[in-house]
Structure formats: C-alpha cells, structure tokens
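> Below is the structure, and that's it, no one-letter string:
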C-alpha cells in the first residue's frame with residue numbers, strides 16, 4: 001500500500017483560502033511582535049530587565065521546534081485539521097501568559113504560545129502551495145510577506161496602545177477574538193480531508209530535532225550572560241545538541257515517514273534559500289527587538305510612538321515584498337532578488353550602527369526604511385523557490401523548513417546579539433561608575449539622575465547597541481554572498497513536481 005500523501009479535497013474558494021492564510025499568519029506573527037514595545041513595561045512589573053530577550057526567545061524557540069512537526073502533519077493529515085489544532089494551542093498559551101505572576105512563568109507560556117504560532121505560520125504558507133501553481137505562488141508569497149510586514153508595525157503599535165490604555169496582560173488576551181475569527185474562516189475555506197490509510201508519525205525524529213534546536217537556542221541564550229560561553233555547565237548543551245543531531249540523522253535515514261527527509265539537503269534551492277533565511281532571520285529579529293528599546297529609552301518615545309516609528313520599516317518591507325512577488329509572477333525569475341536585497345539590508349543595518357543619542361528622528365526612520373526594503377524580498381523568494389523545487393508529498397515540510405531556519409536564525413541571533421549587548425552595556429555602564437548596569441535604565445531611575453549623568457548613561461546604552469547592528473550588517477553581507485550560490489529553476493505555471501528530486505538538484 002502506498003504511503004504517499006492523501007490528496008487534499010478542493011477548497012471551496014481560492015480567495016477564501018488566501019483569507020484564511022492571511023488571518024492565521026497575522027495571528028501568529030502578531031504573537032511574535034506585539035510585546036516588543038511593551039517589554040520594558042513587562043519586565044518593570046515582573047523584574048529581570050537583563051533578560052529582556054527571553055520573552056521573545058521563548059516564542060521563537062517554540063515556533064522553531066514546532067515548524068517541521070506541524071509541516072509534516074499537514075502533509076499527512078491535511079492543512080485544515082492542523083491549523084485548527086494550532087489555533088487551540090496558540091490561544092491556550094495566550095490566555096495562560098496573560099495570567100503570569102512572574103517572568104519565568106511568562107516565558108513558559110510564551111513557549112506554549114509559540115508552539116501554536118509556529119504551526120500556524122508554516123501550515124498557512126503550505127496551503128498556498130496546495131492551491132496555486134509556482135508562478136502565482138510568487139505573488140501570493142509576496143502578499144504573505146507584506147502581511148508579516150504589517151504585523152511588524154501593527155504588533156508593536158497595538159502593544160503600545162494596549163499597555164498605555166489598559167494593561168500588558170491584554171497583549172495576550174487580544175489574541176482570543178482574532179483566533180476565533182481565524183478558526184471560523186478556516187472552517188469555511190477548507191474542506192476536511194477524507195480518511196485515508198493510517199500514517200506513521202516520526203516521533204523519534206521529531207523529538208531529536210526538537211532537542212537539537214532547543215539545546216542550541218538555550219546555549220545561545222545563557223552563554224555570555226547567565227554563564228560564561230566556555231563554562232562546563234553551559235557547554236553541556238551543545239554537546240547534547242550534537243549527540244541529538246547525530247542520532248536524528250541515523251533515525252531519519254531509516255524512518256518510513258521522516259519528519260525532515262534528508263534528501264532535501266541535496267536540493268540546491270532548499271539548501272541555499274534556507275541558508276539565506278537563517279542569516280537574514282538574525283538581522284530581522286535583532287532589529288525588531290532592539291530598535292523599540294532605542295526609541296523608548298534613548299529617544300524618549302512613548303510605547304505607542306515607538307510602535308508608530310516602526311512604520312517606515314513596515315512600508316519598506318511590504319513594498320519590497322510585493323514588488324518581488326510581482327516580479328517573480330511576471331518573469332518566473334528570482335535569483336537576483338535575495339542578492340540585491342540583502343546587500344541593501346547590510347547598508348541599513350550598518351547605518352543603524354551609527355545611531356547616537358542626538359540622531360535626528362527622520363534619519364532614524366530612514367534607516368529603518370532601508371532595513372525593511374532589504375528584508376522584504378527574502379520573505380517571499382525563499383518559500384517560492386523551495387515550493388518550486390520539492391515534490392508535492394513534502395510540500396509542507398519544505399515550506400516549514402523556510403520558517404524553521406529563519407526562526408533558528410532569529411532565535412540564535414537574538415540570543416547571541418542579546419549576550420553581545422548585555423556584555424557591552426555592562427562594560428559601558430561600569431566605565432562611568434554605574435556597576436548596577438541594566439537596572440539603571442528603568443524610566444524612574446533615569447529620570448532621577450542629573451542631566452549630565454543621564455546623558456552619559458544614554459550614550460553608554462547607544463554604544464552597547466552599535467555592535468549589535470554592525471554584527472547584523474556583517475550577517476547581511478554573508479547572506480548576499482550565499483545568494484550567488486542559488487541555482488535558479490524558473491517558476492512555471494504547472495503544479496508542484498510529484499517526483500523526488502535527483503541528487504543533482
């Protein structure tokens with residue numbers, strides 16, 4: 001008996017499917033970004049400003065771990081069922097996060113929220129591949145990239161408004177009505193899959209892959225902050241990750257339904273697109289994390305104003321993503337897009353590394369606009385190129401890989417950049433006689449300082465941000481170089497190939 005995928009029943013309406021995709025994508029991506037402008041307020045209430053990145057890292061790590069598993073389950077059991085399950089997980093995590101009494105509990109439930117969010121993003125993106133041929137997918141993925149761009153600004157803006165008018169706990173409760181709406185759209189847009197032959201889930205592979213990813217992200221999170229990078233207690237994590245990865249490779253070679261088929265790593269589009277996505281994820285999430293803190297602490301913006309100040313980045317991202325999608329749909333070409341866009345991203349990140357205490361706000365906004373232009377095309381090109389190159393039976397897994405590697409880059413990147421920032425900030429503040437470091441940047445503490453001393457503290461904060469953005473610029477240049485290695489297979493008007501690609505691909 002064949003173990004191939006069960007054909008999906010035809011959706012009621014392609015427009016409804018796209019509506020469901022956008023609704024679920026916005027729900028999950030808002031979960032990532034809505035707390036960014038509110039992080040200083042949350043940690044002021046719960047404590048732990050030195051661990052400001054953990055609330056984001058927990059979500060990103062969970063989404064990373066969940067992506068391949070839910071991508072595979074979508075291939076096996078249909079997108080509709082998986083999307084509905086993921087919405088349930090996401091809403092449960094949101095409700096529990098809203099009741100968190102302290103930072104560790106919040107981080108735990110942000111992890112639960114991220115499990116659902118990761119599944120939502122990859123399954124929604126794979127649904128596009130089910131209903132559109134490669135040429136049309138380019139434009140559709142451009143729209144999805146634009147939706148992510150909207151969430152990068154609407155999320156922080158919503159977060160700023162909510163914490164000013166209500167309470168930070170409503171940042172999570174607001175997901176409930178949005179989730180219910182997305183659930184209803186999915187119920188209408190998708191037909192349920194007919195029952196097929198029993199499939200075998202690769203639990204061992206999923207567990208080992210999750211262990212590998214979690215060990216690496218946690219190591220990056222604690223290294224250089226909670227523990228020295230080379231401390232024995234810290235080094236145990238990459239050792240565990242290495243053993244788990246080796247075991248994962250062995251298991252996947254033998255699994256009947258591998259969670260991440262190893263033949264995909266012989267596919268040029270899969271390998272190069274994911275490498276570019278991994279590197280760009282570091283720059284993207286690093287910018288989303290640290291730009292609001294610069295606006296809040298250094299420029300003195302309110303949370304709402306900080307959210308609005310991210311608008312140029314959204315405009316750049318949306319415009320570049322949609323233009324890239326249109327270009328791919330009209331020409332069937334895409335290789336030049338990641339090469340040029342990541343070069344632009346490197347320029348934008350470098351310019352952010354020149355920010356100072358008295359940098360004019362219009363200049364700050366112009367720099368974030370450039371960063372948005374650099375990120376936008378990568379959002380749509382990677383998924384379209386992968387979906388164009390992998391067989392239909394692993395469409396969900398291939399789509400999930402783009403999200404997974406971008407999330408890995410984001411998780412590791414935010415963690416490493418966070419360690420770089422924390423260490424540099426501790427050095428800068430100690431140099432001006434503030435050994436308390438990050439605790440001195442609470443709003444009340446800064447307001448109570450004499451003007452000269454306050455200015456010195458803000459200069460120390462900005463000095464600590466510079467290497468974060470310069471590291472991002474270096475990463476973007478690496479991504480641009482990797483783009484040259486992509487072997488372009490023009491997008492066709494035909495359906496996804498049913499065969500397994502050869503080793504040459």
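Alright, I've got the coordinates. For clarity, every value in this text was computed on a predicted model and none was experimentally measured.
> which other helices and strands contact the lengthiest helix in the chain?
When the chain is parsed with DSSP state H, its longest helix is helix 395-431. In this structure, helix 395-431 makes packing contacts with helix 54-77, helix 103-131, helix 203-222, helix 268-293, helix 361-389, helix 451-483, judged by 3 or more CB pairs under 8 Å, 6 or more residues apart in numbering; DSSP states H and E. The C-beta positions use only the backbone N, C-alpha and C, and glycine is treated the same way.
> Could you export the ones you listed as a markdown table, including distance to residue 86?
A markdown table is the format used below for the helices and strands packed on helix 395-431 (distance: least, CB to CB, whole Å):
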| stretch | distance to residue 86 |
| --- | --- |
| helix 54-77 | 6 |
| helix 103-131 | 4 |
| helix 203-222 | 15 |
| helix 268-293 | 21 |
| helix 361-389 | 18 |
| helix 451-483 | 29 |
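> In JSON lines, list those along with distance to residue 313, mean neighbour count and mean pLDDT.
JSON lines is the format used below for the helices and strands packed on helix 395-431 (distance: least, CB to CB, whole Å; neighbours: other CB atoms under 10 Å; pLDDT from 0 to 100):
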{"stretch": "helix 54-77", "distance to residue 313": "17", "mean neighbour count": "27", "mean pLDDT": "79"}
{"stretch": "helix 103-131", "distance to residue 313": "20", "mean neighbour count": "25", "mean pLDDT": "82"}
{"stretch": "helix 203-222", "distance to residue 313": "24", "mean neighbour count": "21", "mean pLDDT": "82"}
{"stretch": "helix 268-293", "distance to residue 313": "7", "mean neighbour count": "26", "mean pLDDT": "86"}
{"stretch": "helix 361-389", "distance to residue 313": "4", "mean neighbour count": "25", "mean pLDDT": "87"}
{"stretch": "helix 451-483", "distance to residue 313": "13", "mean neighbour count": "19", "mean pLDDT": "88"}
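> For residue 156, which of those helices is the nearest?
Closest approach to residue 156 among these (CB to CB): helix 268-293, 5.9 Å.
> next one: the helix or strand following that closest one to chain centre, how far?
The first helix or strand that comes after helix 268-293 along the chain, using DSSP states H and E, is helix 303-309. Mean C-alpha position of helix 303-309 versus that of the full chain (CA atoms, centre = their mean, to the nearest Å) differs by 21 Å.
> Now the next helix or strand after helix 303-309: buried residues?
As assigned by DSSP H and E, the chain's next helix or strand after helix 303-309 is helix 311-331. Of all the residues in helix 311-331, those buried under the rule 16 or more other CB atoms under 10 Å are 311-325, 327-329.
> what's the answer for stretch 15-29, then?
Residues of stretch 15-29 classed as buried under the neighbour-count rule (16+ other CB under 10 Å) are 17-29.
> Repeat that for stretch 228-242.
Residues of stretch 228-242 classed as buried under the neighbour-count rule (16+ other CB under 10 Å) are 234, 237, 238, 240, 241.
> The third one: what secondary structure?
Under the three-state scheme (DSSP: H, G, I helix; E, B strand; the rest coil), the conformation of residue 238 reads as helix.
> isn't it right next to residue 216, touching?
Yes - shown here, residue 238 and residue 216 form a contact pair, counting by CB atoms under 8 Å, at 6.8 Å.
> which residue is nearest the centroid of the protein?
residue 407 (4.5 Å; CA atoms, centre = their mean).
> Out of the buried residues of stretch 228-242, which is nearest to residue 420?
In terms of CB to CB, no member of the buried residues of stretch 228-242 lies closer to residue 420 than residue 234, at 15.9 Å.
> okay but the closest one is in contact with residue 222, surely?
Yes - at 6.0 Å, residue 234 and residue 222 qualify as touching, with contact defined as CB under 8 Å.
> Report the angle between whichever helix or strand residue 139 is part of and helix 395-431.
Element membership for residue 139, per DSSP H and E: helix 134-165. Our comparison of helix 134-165 with helix 395-431, counting by axes from the mean of the first three to the mean of the last three CA atoms, to 10 degrees, yields an angle of 40 degrees.
> tell me which residues in the helix or strand following helix 134-165 are buried?
The helix or strand immediately downstream of helix 134-165 is helix 170-173, counting by DSSP H and E. Under the neighbour-count criterion of 16+ other CB under 10 Å, helix 170-173 has 170, 171, 172, 173 buried.
> and of the residues you listed, the nearest to residue 156?
Of all the buried residues of helix 170-173, the one with the least separation from residue 156 (CB to CB) is residue 171, at 10.6 Å.
> show me what contacts the closest one?
In this structure, residue 171 makes contact with 34, 35, 38, 98, 158, 159, 162, 163, judged by CB atoms under 8 Å, 6 or more residues apart in numbering.
> wait, what's in contact with residue 282?
If you count contacts by CB under 8 Å, 6+ apart, residue 282 has them with 409, 410, 412, 413, 414, 416, 417, 472, 475.
> Give me the contact list for stretch 259-268.
Counting by CB under 8 Å, 6+ apart, the neighbours of stretch 259-268 from elsewhere in the structure are 68-69, 72, 202, 205-206, 209, 249, 252-253, 270-271, 389-390, 394, 397-398, 401, 485-487, 500-501, 503, 505.
> What is the burial count for residue 357?
Neighbour count for residue 357, taken as other CB atoms under 10 Å: 16.
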